[in-house]
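A.B. asks: Sequence plus predicted model, see below.
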Amino acid sequence: MPATPLPAATLRLQAGAVVTGDAAGTIWRPGVVDLAGDRIVHVGPAAGAPEHRGRARSLPGLLMPGLVNTHGHTPMTLLRGVGEGLPLDRWLRHAIWPREAHLTPDDVFWGMTLGCGEMLRCGVTASCETYFHDSAVVDAAVAAGMRCLVTPGILDVPDAGPGRGWRAMLDAAAALHAEADGRAGLIRVGLGPHAAYTLPLPALAAAGELARQLGTVLTIHLAETRAEDRALQEEHGVTVPALLDRLGVLDARVVAAHAVWLTDADIELLAERGVAVAHCPQSNAKLGSGIARLADLLRAGVTVGLGTDGPASNNDLDLWEELRLAPLLARARDADASAVGAVQALALATRGGAEALGLDAGVLAPGMLADVVHVRTDDARFVPVLDDADLVAHLVWSSASHLVSDVWVGGRQVVRDGVCTTVDTAEAARQVQRRAARLAAAAGRSAGAARHPA
């Protein structure tokens, strides 16, 4: 039976090079990428490319897959820079959570909108988002044309009141999945239980069971700091990854955020259970949380993507910085200049992230989502190029987000000539500035009332 023919391309992109990002490291110089609807229908050398009768653009520089941010709290643009110099526990309890207690859906919409504009401009075409007021996150991502896996945050909030406990949050996440999963061809909905140290064991087990029922991704903060789970380990006699496995959580499709303080047995368990890791080197470094065992994770066969974490702990959403820092820290940690090469590093930011989130993206190949980035190479950082390996090396070690010129998400152009066309960034910045001031004032009033009760 003959294969179903691919649809005719509606847009042909031709560039001096096409870095496909596939496992074989295929690069076409010059090359073409043909798009039809939201999918790629052809990739290959310009010479001998199929006849094309639709629109065409000839671009200088190179084409590559969109970057994938596997762990973010993007609406925290509202809290950018808050709590500077604090370790994670104090940062959360004294700087972040008091402000988040006063968030409104409109705050989250504008925080997410500003962050989408920032990510798209940097060539990030998909992100995994864990936050609150999740319908506002969805609305902002759709309006910006951003691909997004929304994993509603689930916490055990003491004295939360009706509709705010972990069971209500889990029910709300299930309702959002029914309502928004698949929206605009951009949105997937998963679950985001915060961490083992912020939820009781029944909540973790229930989240794992719901993720399995829905067939969706569960993302959870895991082993971010050295001491965060010490009490759990002392109580149960096993590491937290082993405890999550005992509860059935790892039977779901899990993305473990951070995963810094893992034992050899933990890494073996993650590999065996198919758990992916969202590696956030810049946030981990800024909060003094440590350096993840990236090379060991990759050697064990764990799928790893890169994440920025939230802009309050990074403080930007530029995945190019993670793309460079991840292999640098891996080499420094292992004292091994061969640990995590340029090809592996680029895969972390593209194919690895897409695989972790279950997206048909991260590679320029027929049938994959048409998430494409055009990078300028008319810059001293890209000289010289003597062979294909130089292109990848320059992308990892010397390129930067300001060289991103054009971006397509699902075949729709969202960045043109270095400007995000789907987000009014000036208005979003004004909104976030005003709302951030209100949140700071409200948190200050709450702290004053706590110190001086009536």
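C.D. replies: Nice, I can see it. Numbers count the residues shown, from 1 in each chain.
A.B. asks: Return the set of buried residues in stretch 140-149.
C.D. replies: Ala140, Ala141, Val142, Ala144, Gly145, Met146, Arg147, Cys148, Leu149 (16 or more other C-beta atoms under 10 Å). All C-beta atoms are positioned from the backbone trio N, CA, C, and that covers glycine.
A.B. asks: Let's have these in TSV, adding secondary structure, distance to Met64 and pLDDT.
C.D. replies: Output for those, formatted as TSV (DSSP: H, G, I helix; E, B strand; the rest coil; distance: C-beta to C-beta, whole Å; pLDDT from 0 to 100):
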residue	secondary structure	distance to Met64	pLDDT
Ala140	helix	26	98
Ala141	helix	22	98
Val142	helix	25	98
Ala144	helix	21	98
Gly145	coil	19	98
Met146	coil	18	98
Arg147	strand	16	98
Cys148	strand	20	98
Leu149	strand	21	98
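A.B. asks: just those residues now: which is nearest Gln14?
C.D. replies: The closest of these to Gln14 turns out to be Gly145 (C-beta to C-beta; 23.1 Å).
A.B. asks: Correct me if wrong: the closest one contacts Val414.
C.D. replies: Yes: with contacts defined as C-beta atoms under 8 Å, Gly145 counts as touching Val414 at a distance of 4.5 Å.
A.B. asks: and for those two, which residues touch both?
C.D. replies: With contacts taken as C-beta atoms under 8 Å, 6 or more residues apart in numbering, Gly145 and Val414 have Leu120, Thr422 as neighbours in common.
A.B. asks: residues in contact with the strand of greatest length in the chain?
C.D. replies: Counting by DSSP state E, the longest strand found in the chain is strand 55-65. Residues from elsewhere that reach strand 55-65, judged by C-beta under 8 Å, 6+ apart: 10-21, 31, 33, 350-351, 354, 361-364, 371-378, 391, 395, 403, 405-406.
A.B. asks: for the next helix or strand after that strand, packing partners?
C.D. replies: On the C-terminal side of strand 55-65, the closest following helix or strand by DSSP states H and E is strand 67-72. If contacts are counted by 3 or more C-beta pairs under 8 Å, 6 or more residues apart in numbering; DSSP states H and E, strand 67-72 sits against strand 124-129, strand 253-258, strand 276-279, strand 304-306, helix 319-334, helix 353-357.
A.B. asks: try 7 Å this time
C.D. replies: Counting contacts by 3 or more C-beta pairs under 7 Å, 6 or more residues apart in numbering; DSSP states H and E, strand 67-72 packs against strand 124-129, strand 304-306, helix 353-357.
A.B. asks: Now the first one - C-alpha only, CSV.
C.D. replies: Output of strand 124-129 as CSV, limited to C-alpha atoms (Å, rounded to 0.1, in the frame of the first residue of the first chain):
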residue,chain,number,x,y,z
VAL,A,124,12.2,29.8,22.4
THR,A,125,9.1,28.3,20.7
ALA,A,126,7.8,26.1,23.5
SER,A,127,7.8,26.1,27.3
CYS,A,128,6.6,24.1,30.2
GLU,A,129,4.9,26.4,32.7
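A.B. asks: what are the pairing partners of it, and which direction each?
C.D. replies: When pairing is defined by DSSP bridges, strand 124-129 lines up against strand 67-72 (parallel), strand 147-150 (parallel).
A.B. asks: among those strands, which is nearest Leu439?
C.D. replies: strand 67-72 (19.0 Å).
A.B. asks: list the buried ones in the helix or strand immediately after the closest one in the chain?
C.D. replies: For strand 67-72, the succeeding helix or strand toward the C-terminus, using DSSP H and E, is helix 88-90. The neighbour-count check on helix 88-90 (16+ other C-beta under 10 Å) flags Leu88 as buried.
A.B. asks: quick one: secondary structure of Leu359?
C.D. replies: coil (DSSP: H, G, I helix; E, B strand; the rest coil).
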